[in-house]
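K.L.:
I would like the atomic coordinates for the input below:
(4 chains)
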Protein chains: 4
Amino acid sequence: MAQQIKDPGIGEKFNARSGRVMNKDGSFNVRHSGWSFSRIHLFQYLIGVSWLQFNFILFIAFVITNMLYACLYLSMGDGALQNAASAGVTRFWDAVFFSAHTLTTVGYGNIYPMGFAANIVSATEAMTGLLGFAVATGLVYGRFSRPTAKMEYSKSAIIAPYHNKNALMFRIANARASLLMELHADVTFTYVEKLGDQFIRKYFLLPLERDNILYLSLSWTLVHPINEHSPLYNKTRKQLEDMKIEILVKLKGYDEGYGEHVHARFSYLLEDIVWGAKFLPTFHVADDGATVLDYNHISSYVKAELNPDYHAHVQGS
Amino acid sequence: MAQQIKDPGIGEKFNARSGRVMNKDGSFNVRHSGWSFSRIHLFQYLIGVSWLQFNFILFIAFVITNMLYACLYLSMGDGALQNAASAGVTRFWDAVFFSAHTLTTVGYGNIYPMGFAANIVSATEAMTGLLGFAVATGLVYGRFSRPTAKMEYSKSAIIAPYHNKNALMFRIANARASLLMELHADVTFTYVEKLGDQFIRKYFLLPLERDNILYLSLSWTLVHPINEHSPLYNKTRKQLEDMKIEILVKLKGYDEGYGEHVHARFSYLLEDIVWGAKFLPTFHVADDGATVLDYNHISSYVKAELNPDYHAHVQGS
Amino acid sequence: MAQQIKDPGIGEKFNARSGRVMNKDGSFNVRHSGWSFSRIHLFQYLIGVSWLQFNFILFIAFVITNMLYACLYLSMGDGALQNAASAGVTRFWDAVFFSAHTLTTVGYGNIYPMGFAANIVSATEAMTGLLGFAVATGLVYGRFSRPTAKMEYSKSAIIAPYHNKNALMFRIANARASLLMELHADVTFTYVEKLGDQFIRKYFLLPLERDNILYLSLSWTLVHPINEHSPLYNKTRKQLEDMKIEILVKLKGYDEGYGEHVHARFSYLLEDIVWGAKFLPTFHVADDGATVLDYNHISSYVKAELNPDYHAHVQGS
Amino acid sequence: MAQQIKDPGIGEKFNARSGRVMNKDGSFNVRHSGWSFSRIHLFQYLIGVSWLQFNFILFIAFVITNMLYACLYLSMGDGALQNAASAGVTRFWDAVFFSAHTLTTVGYGNIYPMGFAANIVSATEAMTGLLGFAVATGLVYGRFSRPTAKMEYSKSAIIAPYHNKNALMFRIANARASLLMELHADVTFTYVEKLGDQFIRKYFLLPLERDNILYLSLSWTLVHPINEHSPLYNKTRKQLEDMKIEILVKLKGYDEGYGEHVHARFSYLLEDIVWGAKFLPTFHVADDGATVLDYNHISSYVKAELNPDYHAHVQGS
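P.N.:
Model prediction:
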């Protein structure tokens, strides 16, 4: 029986303005306000931004650091930086480029420090350059190697005939080449109910024909049988529309490629549900005996007659 | 029913001098003595010290290493280091700066080694420099990327009306932008009891209305109902003061930003508990349908009438 | 009793062309089609390819990057790169080698940039070189340090006498020097059954005398007793051949050397099973009191009389 | 009741030569033979060797690589390496030192490559140097940051009076400054029994008064009550000697400093057990209210009268 659960941490309040609970990309439809400077966490920020933003930040930081060091070298007077061979640019740019040579430890030596102050600063710059680039390169690799799941999931959830009854079904596959093991699915059904003059979000855990799979080497069809215990039972499409339903899917598994657990989330709205369909196969056996999974068919379905005890499709489609 | 538990590893002894069990920052109020040199673990030390101390240690290590290598180069006599172009400093500082060029692998080449000994030493220094900086830069990034939780928690725990009774409540939110999943809370109540002429610390696990949440995308109010099974039931503020109570909170969850589990701890003393209050909401629905969490309201409460079966507030406030 | 289980994610379909379920190396006999460019995940690809391919990719990327930068330097005209000392090659190769000096931050300085444009490009190249090599070196080390299990397993599974009955046995040992702890084994038996005019794969979890071991410091013999509950009971070799049986083994344990969990998989086909044998010991006690495990004997067995209640061996061998 | 368990993977065979099961350092008293070259795993080897061996291997690898590259440069004839400024050594050593400058990317430039071949080789060397040092520096940091537990445990296990009976006790503390959480202990008792003309090792899991602790912020005394269910019950010291007993301890916990789980193992032999003693306290409350743990007292005990129902101590001491 579908088990009503407490708010899984998303909030029970609902009003006329409320949008979907979970965005298409699996993030929650939540914003934060009241952040102070002390709440910014540099690491999580730099791991989370897009590659474009990240590279831009790195580049700007590199330029500004070189500019600042250049000013420092210039402030030491004419002789602080010597040209074994002229760089052919103004003194300021000489200093900027010398700083870049030092920060990156490339150290061509065509420009070099002269005197105590310039040598001290350049030694310090080389050291801090190494440490700074440690953070930068660590972040580059950290972002690159970060364990993430990429699930291919069927564009629609379908209501399909299933054992004399009907069932809600959707299908997933691993979009990555690595093997996902011990995959576990949680499917939460949420809808809005009127309580007096307030609207309250309710949450149900949808029972699945099976909620885990040992290996996701092919595709996996998740099946929620719509029986008398299901919150979808005997509901017309119109009723579900008024209930502002949303089906939240959470997946967790062990990715052999990363050697770590990965998570994925996505949600289906009413508009993503197709009444009276059944999925087409996603795989076939090739001539060499191997099973071939075709990603192009993850979302493929054909129309199918629903079983009569569920009259929703009559009115629904 | 509130379950008495064994000492969770904090100790049962209590005497007149005993201070709080857990410090404000979640560390235990424990010191170590009898440490020998062999008990110092360099990695944990360098990961644990403040950034200021860490950078200071790195800088000193860099300076001393350069000084030592400089002495080595000087000991080889006048010709060991050659200036393609004078660095304009004394021989000693020439050697120090050459060492810095080598250790950081910046290698300008305006100073360079001459003869077998100096070349051997500089090659060794370049290699050990790479390995040494590997540790230094690894530590810098390790410190920077270390998975930690930062919980925003209400400054006060409150005694609030709750279902015809009252409850102890406090509220938390994730101060980080990343999503915390599968968050689990343990709330331990500790107090001191007189046993003969000794004082003994007792520990109770406080039952919560719910002790875990699937997603911490908004704030979470932890609720301990004060019923006849609660160790707080029918206790006056004065009694609780004599009991030297402390409420220890332990949180554990999976941080999607780090891809790792994180832990947080904090504790409330009697002075942090407010009688007869209720929390104000922390979030509202914005015009675009998103839910907005306001961090400024995590600790916000208003006065509220407590339910009568709990008379502590009469005497308490 | 042997428990029939649902398809563990491998698929139930079988036709005349179907090959083995799991390949010798533990991967599934599955291919993917319908991949689009967006499904390629660079990190998992570069972690997964062979060392030969990986090094080739790195080398080509290094060469191409240098070529491209060389063209950029050349496009700036004659004076952009200066030779403090001639490199003795053509202008194009001068530019390529200067680019290599910069990208690797080796920066000899015998060639150096002149003028604003060349300096800007070389500073940018040094910086991107550091970031690019961060990914390359991270991948080299990531591949090198990746937690993997290497199990030594007996070439044959044997049917051996066991407590008045018989049992299916095979033997494993850790081919690595590190200690495997909390090792857990899942043994799945799969065969093909005719259902109408279709063939369906069935899956059984084979009960083991024990399915986990605390330490794998020696060898471990996995024992499945063939009693009346076993799907192997009273089956002749011919019957098993028609059933196209396959025994899938999955191991999971904690590797103390890596400090991480590792997984291993392999499978036995009917041709790998020997009727009427028993394993020879793999270890003995040495003169100094230590136990010595000999890897050469993992697969060693001698012929042995099977117990009568199992008549398969009569026809089988 | 003490539960007899199956061989935890250590082996049941015992003969006159058999030594202790577990060495003092927690490793098993096991050696391997029959290793082939393909069984060597370079990463685990280099992570596992001592720092002295590791540094030696690195140094030798560095020297040999430079020698080989030097030969390559020399084979290109006189002009391949040019001295902008003489290094003052023979041509061979010039080549070795130039190789070192290139491999470490220090690149002073006082020696530099001339001609196509030398430039190609030096560019390749710089690139492979970066990748090679990536592995070397990764290993240095990997070894340095590797999560390990260091437990301080009492030199002796003691038989102490306990609730009108007696108990086997020993004591542990975390030798590291970081906090160990959710610590779990397994205590296995093993002894040798004569079966016909063979000796067989038996294993019992010793029930503990408590086998886990939430925080190891102080010391933890592990207590096995010696009641009629204990394999130690009513055994004289002489009997235990004949049984060649060994007490194997396994600890597992989460180290907050590393943010990872750590393991520790150690074992007590009969000679490490003291009859009739009780542990002295390890901690006291300081003037500032903090609890002070003194590592010097982990092993401290005083003589104590055992309870009469256990007569072993009469004969034992």
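K.L.:
do the longest helix along chain A and chain D meet at all?
P.N.:
Ordering each helix of chain A by length in residues (DSSP state H) puts helix A:116-145 first. No. Judged by CB under 8 Å from any CB of the partner chain, helix A:116-145 stays clear of chain D, getting no closer than 10.5 Å. Yep, even glycine has a C-beta here, placed from its N, CA and C like the rest.
K.L.:
Could you figure out how far that helix is turned away from helix B:116-145?
P.N.:
50 degrees (axes from the mean of the first three to the mean of the last three CA atoms, to 10 degrees).
K.L.:
List the neighbouring strands of the helix or strand just after helix A:116-145 plus their orientation.
P.N.:
The helix or strand immediately downstream of helix A:116-145 is strand A:151-153, counting by DSSP states H and E. Using DSSP bridges, strand A:151-153 pairs in its sheet with strand A:165-174 (antiparallel).
K.L.:
got the CA coordinates for the partner strand in CSV?
P.N.:
In CSV, the C-alpha atoms belonging to strand A:165-174 read as follows (Å, rounded to 0.1, in the frame of the first residue of the first chain):
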residue,chain,number,x,y,z
LYS,A,165,-4.7,-3.8,-14.1
ASN,A,166,-2.7,-0.8,-15.1
ALA,A,167,0.6,0.6,-13.9
LEU,A,168,2.6,3.8,-14.1
MET,A,169,5.9,3.1,-15.8
PHE,A,170,9.0,5.0,-16.8
ARG,A,171,12.3,3.8,-18.0
ILE,A,172,15.9,4.7,-17.3
ALA,A,173,19.3,3.8,-18.6
ASN,A,174,22.9,4.8,-17.7
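K.L.:
That strand - what's its average pLDDT?
P.N.:
For strand A:165-174, the mean per-residue pLDDT is 94.
K.L.:
how far out from the middle of the chain is that strand?
P.N.:
22 Å (CA atoms, centre = their mean, to the nearest Å).
K.L.:
now do stretch A:10-22
P.N.:
On CA atoms, centre = their mean, the centre of stretch A:10-22 falls 21 Å from that of its chain.
K.L.:
Is there proximity between that stretch and chain B?
P.N.:
Yes. Stretch A:10-22 reaches chain B (CB under 8 Å from any CB) through A:10-11, A:13-15, A:17-20.
K.L.:
quick revisit: gap between the longest helix of chain A and the chain center?
P.N.:
For helix A:116-145, the distance to the chain centre is 30 Å (CA atoms, centre = their mean).
K.L.:
try stretch A:141-161
P.N.:
Stretch A:141-161 has its C-alpha centroid displaced from the chain centroid by 9 Å (CA atoms, centre = their mean).
K.L.:
Check the model's average confidence along that stretch for me.
P.N.:
Computed over stretch A:141-161, the mean pLDDT rounds to 91.
K.L.:
Of the residues of stretch A:10-22 next to chain B, which is the most crowded?
P.N.:
A:Ile10 (23 neighbours; other CB atoms under 10 Å in any protein chain shown).
K.L.:
How about the secondary structure of that one?
P.N.:
coil (DSSP: H, G, I helix; E, B strand; the rest coil).
K.L.:
what sits against the closest residue to it other than its chain neighbours?
P.N.:
Sequence neighbours aside, A:Val21 is the residue nearest to A:Ile10 in space, at 5.7 Å (criterion: CB to CB, 6 or more residues apart in numbering or on different chains). Counting by CB atoms under 8 Å, 6 or more residues apart in numbering or on different chains, A:Val21 touches A:10, A:28-29, A:190, A:201, A:246, A:248, A:267.
K.L.:
Read off the pLDDT value for A:Val21.
P.N.:
85.
K.L.:
you'd agree A:Glu125 is up against A:Thr104?
P.N.:
No. A:Glu125 is not in contact with A:Thr104 according to CB atoms under 8 Å; the separation is 10.4 Å.
K.L.:
what about the closest residue to chain D within the stretch 101-250 of chain A, how many neighbours?
P.N.:
The nearest approach of the stretch 101-250 of chain A to chain D comes at A:Gly109, 5.2 Å away (CB to the nearest CB). Around A:Gly109 there are 30 other residues, counting by other CB under 10 Å.
K.L.:
I'd like the distance between it and A:Phe54.
P.N.:
32 Å (CB to CB, to the nearest Å).
K.L.:
and what of A:Asn119?
P.N.:
Applying CB to CB to A:Asn119 and A:Phe54 gives a distance of 34 Å.
K.L.:
A:Met169 now?
P.N.:
39 Å.
K.L.:
Tell me which of those two has more neighbours.
P.N.:
Shown here are A:Met169 and A:Phe54; by other CB under 10 Å, A:Met169 has more neighbours (24 against 18).
K.L.:
what are the bridge partners for the more buried one, then?
P.N.:
A:Ile158, A:Val223.
K.L.:
Surely it is in contact with A:Trp275?
P.N.:
No. Using CB under 8 Å, A:Met169 makes no contact with A:Trp275, being 11.9 Å away.
K.L.:
Setting the sequence-adjacent residues aside, check what's closest to the residue of the stretch 201-317 of chain A found nearest chain D.
P.N.:
Ranked by CB to the nearest CB, the top residue of the stretch 201-317 of chain A for proximity to chain D is A:Glu260, at 12.6 Å. Of all residues not flanking A:Glu260 in the chain, A:Pro147 sits nearest, at 4.3 Å (CB to CB, 6+ apart).
K.L.:
For the one you found, which residues are in contact?
P.N.:
Neighbouring residues of A:Pro147 by CB under 8 Å, 6+ apart: A:255, A:258, A:260-262, B:259.
K.L.:
switch to 10 Å and redo it
P.N.:
A:255, A:257-263, B:259-260, C:43-44 (CB atoms under 10 Å, 6 or more residues apart in numbering or on different chains).
K.L.:
List buried residues within those residues.
P.N.:
Among the contacts of A:Pro147, the ones that count as buried by 16 or more other CB atoms under 10 Å in any protein chain shown are A:255, A:257-263, B:259-260, C:43-44.
K.L.:
which two in those are spaced the farthest apart?
P.N.:
Between any two of those, the greatest separation by CB to CB is 19.5 Å, found for B:Glu260 and C:Gln44.
K.L.:
residue contacts, the residue in chain A that chain B sits nearest to?
P.N.:
Per CB to the nearest CB, A:Gly19 is where chain A lies closest to chain B, at 2.4 Å. By CB under 10 Å, 6+ apart, the residues touching A:Gly19 are A:29, A:244, B:285-286, B:288-291.
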